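K.L.:
coordinates only, no sequence provided:
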């Protein structure tokens, strides 16, 4: 089966500019996650969708970050305006729970550099 | 507040020997644990998981041990191979009151297997 698709792979912008990332999850996966991974740290959950509803956005900086998942499939994550500290890899993942078993499948990520 | 900790940022092991990667957690509500492997410029890939009702799970060269009383899990790789050189993340899952699950990742351990 096809994996989680993300684009772009790399993005370089100047601070105060805006940027958007796109994610297409694995077909049939109801749950979609956006994680931020800063160099040397583990992935940090930004937002989690169940179908097209938000179940957790407690760590999303809502003054500058926004995300949507239209029709419960594709998702976009936007940053406006970007700050230097937003430089990170943005990972999209999707999952489907079977009983107590659930694996997150990650895309390759988008590496963002804010100059 | 780091709920999932990997206190060893790096580990070097000789090819053919055992690699042991450790992970500690603080939240007793975590009931499902996963290990992911990450190569440079790629997203994390699932390796092995364990439910809190078990204390051991094995898959080929990989074994995960869970000690609930100590809130500690470990990943054993035997025998270690050069291709195992990567960053390894442990993740822990707990159910939210909404019935959805949250996954929290550790900071990672970089494993280098020496030929």
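P.N.:
Received it, and whenever you're ready, just let me know what you need. It should be emphasised that the depicted structure is a prediction, and the values quoted were computed from it without experimental measurement.

K.L.:
which single residue of chain B approaches chain A most closely?
P.N.:
Nearest residue of chain B to chain A: residue B:43, at 3.4 Å (C-beta to the nearest C-beta). Yep, even glycine has a C-beta here, placed from its N, CA and C like the rest.

K.L.:
alongside chain A, which residues does chain B contribute?
P.N.:
Selection of chain B residues close to chain A by C-beta under 8 Å from any C-beta of the partner chain yields B:4, B:6, B:31-32, B:34, B:36, B:41-46, B:49, B:51, B:89, B:91, B:93, B:96, B:98, B:100-108.

K.L.:
quick one: low-confidence parts of the chain?
P.N.:
All of this refers to chain A. The model of chain A has pLDDT under 70 over residues A:1.

K.L.:
meant chain B actually
P.N.:
Ranges of chain B meeting pLDDT under 70: B:1.

K.L.:
report the contact partners of residue A:49.
P.N.:
Each residue near residue A:49 by C-beta atoms under 8 Å, 6 or more residues apart in numbering or on different chains is listed here: A:31, A:32, A:33, A:55, A:67, A:69, A:72, A:75.

K.L.:
quick one: furthest residue from the center of the chain?
P.N.:
You didn't say which chain, so I picked chain A. residue A:99 (25.0 Å; C-alpha atoms, centre = their mean).

K.L.:
switch to chain B, that's the one I care about
P.N.:
Largest separation from the mean C-alpha position in chain B: residue B:98, at 26.3 Å (C-alpha atoms, centre = their mean).

K.L.:
what is the three-state secondary structure of that residue?
P.N.:
What DSSP: H, G, I helix; E, B strand; the rest coil gives for residue B:98 is coil.

K.L.:
which of the contacts of residue A:49 count as buried?
P.N.:
Neighbour-count burial (16 or more other C-beta atoms under 10 Å in any protein chain shown) applied to the contacts of residue A:49 gives A:31, A:32, A:33, A:55, A:67, A:69, A:75.

K.L.:
okay if I get these as JSON lines plus secondary structure?
P.N.:
Putting those into JSON lines (three-state DSSP) gives the following:
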{"residue": "A:31", "secondary structure": "strand"}
{"residue": "A:32", "secondary structure": "strand"}
{"residue": "A:33", "secondary structure": "strand"}
{"residue": "A:55", "secondary structure": "strand"}
{"residue": "A:67", "secondary structure": "strand"}
{"residue": "A:69", "secondary structure": "coil"}
{"residue": "A:75", "secondary structure": "strand"}
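
K.L.:
and which of those residues is nearest residue A:81?
P.N.:
For the buried ones among the contacts of residue A:49, the minimum distance to residue A:81 (C-beta to C-beta) is 16.2 Å, reached by residue A:67.

K.L.:
so who does residue B:97 touch?
P.N.:
Residue B:97 makes no contacts at all, as judged by C-beta under 8 Å, 6+ apart.

K.L.:
so who does the residue of chain A found nearest chain B touch?
P.N.:
In chain A, the residue that lies nearest chain B is residue A:106 (3.4 Å; C-beta to the nearest C-beta). Residue A:106 is in contact with A:4, A:91, A:92, A:93, B:36, B:43, B:44, B:45, counting by C-beta under 8 Å, 6+ apart.
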